[in-house]
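**Q** Test case, fold it:
(chains A and B)
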Amino acid sequence: MPAPLVRLHAIALPLLRDNVDTDELIPVAENTRASTYGWGDGLFAAKRYLAGPGRAPDPDFILNRPPYDRAAMLVSGANFGCGSSRESAVWALRDHGFRVVAAISFNETFKRNCIVNGLAPLILARADAEDLVGDIERDPFAGVSVDLERLELSHGSHRGPADSISFDLDPFYRALLMTGQTEDDMLGALQPTIDAHRHAMLAAQPWLTSWGP
Amino acid sequence: MSGTTLFGKIWTAHQAGELPGGRVALVIDRMTLHELSGGYALRDLRAAGERPHMRADQIFAMADHAISTAPDRGPHDSLSTSGSQMIASLEESCAALGYRYARPDDEAHGIVHVAGPEQGFVLPGTTHVCGDSHTCTLGAFGTLAFAVGSSEVATVLRRSALVLERPKTLRVTLTGRLGPHVYAKDAALRLLAAHGVKLALGYVVEFAGPLVASLSMEARMTLCNMAAEMGTRYALIAPDDTTFEALSRTMPASPETVELAIAHWRRLRSDPDAVFERELALDVSELTPQVTWGTTPMQAVGIDGIVPDPADTGDAAARAGTDRALAYMHLEPGRPLTSIPIDAAFIGSCTNARISDLRAAAAILKGRKVADGIRAMCTPGSMAVRAQAEAEGLDRIFEAAGFEWRKSGCSNCAGREGPIWQGLRVISSTNRNFENRQGPGTRTHLASPATVAASAVVGRIADPRPFAAGGR
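**A** Now for the predicted structure:
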């Protein structure tokens, strides 16, 4: 069960482009670990390390540069997490220490993978994402505050409540993130209803019960 | 009151309970498992001592992502040790739980979205999940089939249901006739070029119209497969006589049950007065073979086209995307597509490695050879496709032309044969041209199998149509 998330003040990693795909977040070569934990080193692996053995960090890659190496929030563009449905893309973000991904829009499967792992997928207007990234780049050390209760975030250098940015987060997902509750548990409570429905369908549609030559 | 969409009919029939925010508990009928997402879910469930709630006959498993496609592969052969472990673990879990598992040399083996339908595991009107983004391929059968992550695979095993938010509805109506050597793949790339990769974000897309009705099941699967690149997890095509004919070969039930099923499935279509939240149309009459030049599937142009100028590609974000794509692809604006030399050619993947795809490519390759220095590879989508191709002599055509003839699997759609194409330019019948997708620095151009074959022969990106007319 993911730890509840209500408020967070964190260093934010700016990655303001559209269509960041899950192959980039966790490349194929990284994608055969045995466990669902321990994926942090694989995050952005194709960009993050210099060629050759030993995984020497590429000092030019933003994730390797302080303070971004400590980021717990990522800010990006439209269609974030597109491509492969691999949940390991979210595991890599989670295990590197990320709790929040703010983007202009998300791939649906990626967004759901975030929810089950306790990462908050926040939706920003494009102009707000651009402003926020501008603020981060001017003073990355100030960090960004995120408040799921107020649906607001603000850069550490902001001058007052008027400068905060509102974001969109589905109320259902918001409740899950704030409480740590899971959809799986909700379905457990509904299991008798689900089973009744399944059995009625199987009785009415006998072709459902077998398959294959 | 207006009518109901195909999607609405399947959704409502599977709705077992309501949750806050308009969400529902949706009953899941079937699941395909592969060694990556499925393996994690099974291992975690078994480690917790849980017994899956799904019945064994609701599940079909095979190793497709990490499995080697080498002609002499063993049952657990993979490029990596961890890949072999994942394959062995999936096989072991399936044996323990009584799930049907297609061993790598069985005819039932293949890429899940290719082998599942071939083995009769995919039925109209059902809900079907797999931990793979191209699960929407199965929407070609009127199946509400969609991608989930590994945690959701575990939830479905545990609950036989998922919590879902109802997507909005989009109908894409396709009209006109495809010209010679123009395919469903070209129509999908054209839709992406015209409307972008967010075309169906938040929507379930129903492909409809006279062109769709005329397409084979295989072409319908290609179209639905590419819906994943349009931003959706849900694609649908209403089942019809073409669907029932395809299913009649694999339906195991008695003739009476099959008749009942077909009567039920005939009602699975959008009512004439159904209202969609969004509508799009494409007339394919003038469509030419399409090829991508960039690093997203929407960066496609007709084969007679040129690499675009970033200055002409819309807003600042689009220009930045184009600049980045051109830098990665080592291309300059204004260059004719057919002037671009290639290093490798690939026919494979859940998009375009079915028997009709192999036939289309072989028709071009017959009596010809791939250009000097080109590494060409064909990975049939399933062992059944491979066997059919061999029965028709297609393997000999591919091999005589200089293609490697592999076994089934996801293969180099995602660099699964290792970094053999590092830094190379590849023309590929697959679905994704992302940076590094087919290997470190690999530059991928997406196209139909016919265009891949023609390009392999010419050594540059090439138009397949002159081959059809007996040219070259």
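**Q** I'd like the next helix or strand past the strand ranked longest in chain B.
**A** Longest strand of chain B, by residue count under DSSP state E: strand B:168-175. Next along the chain after strand B:168-175, taking DSSP states H and E as the criterion, comes helix B:184-195.
**Q** Who does the helix or strand that that following helix is followed by pair with, and is each partner parallel or antiparallel?
**A** Next along the chain after helix B:184-195, taking DSSP H and E as the criterion, comes strand B:203-208. Strands adjacent to strand B:203-208 in the sheet, as given by DSSP bridges, are strand B:168-175 (parallel), strand B:234-236 (parallel).
**Q** Arrange those strands in JSON lines, one row each, with mean neighbour count as further columns.
**A** Any C-beta I mention is one placed from the backbone N, CA and C, and that applies to glycine too. Shown next, in JSON lines, are these (neighbours: other CB atoms under 10 Å in any protein chain shown):
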{"stretch": "strand B:168-175", "mean neighbour count": "21"}
{"stretch": "strand B:234-236", "mean neighbour count": "30"}
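**Q** can you redo these as JSON lines with mean pLDDT?
**A** Formatted as JSON lines, those follow (pLDDT from 0 to 100):
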{"stretch": "strand B:168-175", "mean pLDDT": "98"}
{"stretch": "strand B:234-236", "mean pLDDT": "98"}
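**Q** Quick one: those strands as TSV, columns for distance to A:D60 too.
**A** Below are those laid out as TSV (distance: least, CB to CB, whole Å):
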stretch	distance to A:D60
strand B:168-175	41
strand B:234-236	40
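**Q** how deep is residue 119 tucked in, by neighbour count?
**A** Went with chain A since none was named. Residues lying near A:L119 (other CB atoms under 10 Å in any protein chain shown) number 25.
**Q** I was after chain B.
**A** Neighbourhood size, B:Q119 [other CB under 10 Å]: 23.
**Q** hang on, isn't A:K47 packed against A:P57?
**A** No: the pair A:K47 / A:P57 is not scored as a contact, 10.6 Å apart, by CB atoms under 8 Å.
**Q** picking up where we left off before, now do the longest strand of chain B and helix B:184-195, the angle between them.
**A** 120 degrees (axes from the mean of the first three to the mean of the last three CA atoms, to 10 degrees).
**Q** Other residues contacting strand B:168-175?
**A** B:5, B:7-8, B:187, B:191, B:200, B:202-212, B:232, B:270, B:276-285 (CB atoms under 8 Å, 6 or more residues apart in numbering or on different chains).
**Q** Kindly provide the distance from B:L19 to B:I306.
**A** Computed with CB to CB, to the nearest Å, the distance linking B:L19 and B:I306 is 51 Å.
**Q** can you tell me how far A:V101 sits from B:C378?
**A** Counting by CB to CB, the gap between A:V101 and B:C378 amounts to 39 Å.
**Q** From the neighbour counts alone, determine which of these two ranks first.
**A** Legend: neighbour count by other CB under 10 Å for A:V101 and B:C378, higher for B:C378 (32 against 24).
**Q** Hmm, that one is touching B:I347, no?
**A** Yes: taking CB under 8 Å as the definition, B:C378 is a contact partner of B:I347 at 4.5 Å.
**Q** mind listing what B:I87 touches?
**A** Taking CB under 8 Å, 6+ apart, we find B:I87 in contact with B:35, B:63, B:66-67, B:75-76, B:78.
**Q** swap in A:N113?
**A** Each residue near A:N113 by CB under 8 Å, 6+ apart is listed here: A:81, A:85, A:87, A:89-90, B:149, B:151-152.
**Q** Which of the residues you listed sits closest to A:D135?
**A** A:G81 (23.7 Å; CB to CB).
**Q** Name the nearest residue to the closest one, sequence neighbours excluded.
**A** Distances taken as CB to CB, 6 or more residues apart in numbering or on different chains place A:F110 nearest to A:G81, at 2.7 Å, with adjacent residues excluded.
**Q** didn't the one you found look like it was pressed against A:V90?
**A** Yes: here A:F110 reaches A:V90: they are 7.1 Å apart, a contact under CB under 8 Å.
**Q** contacting residues for residue 133?
**A** In the absence of a named chain, chain A is used. A:V133 makes contact with A:14, A:16, A:75, according to CB under 8 Å, 6+ apart.
**Q** that answer is for a different chain, and I need it for chain B
**A** By CB under 8 Å, 6+ apart, the residues touching B:S133 are A:83-85, A:109, B:147, B:228, B:233.
**Q** Cool, thanks, talk later.
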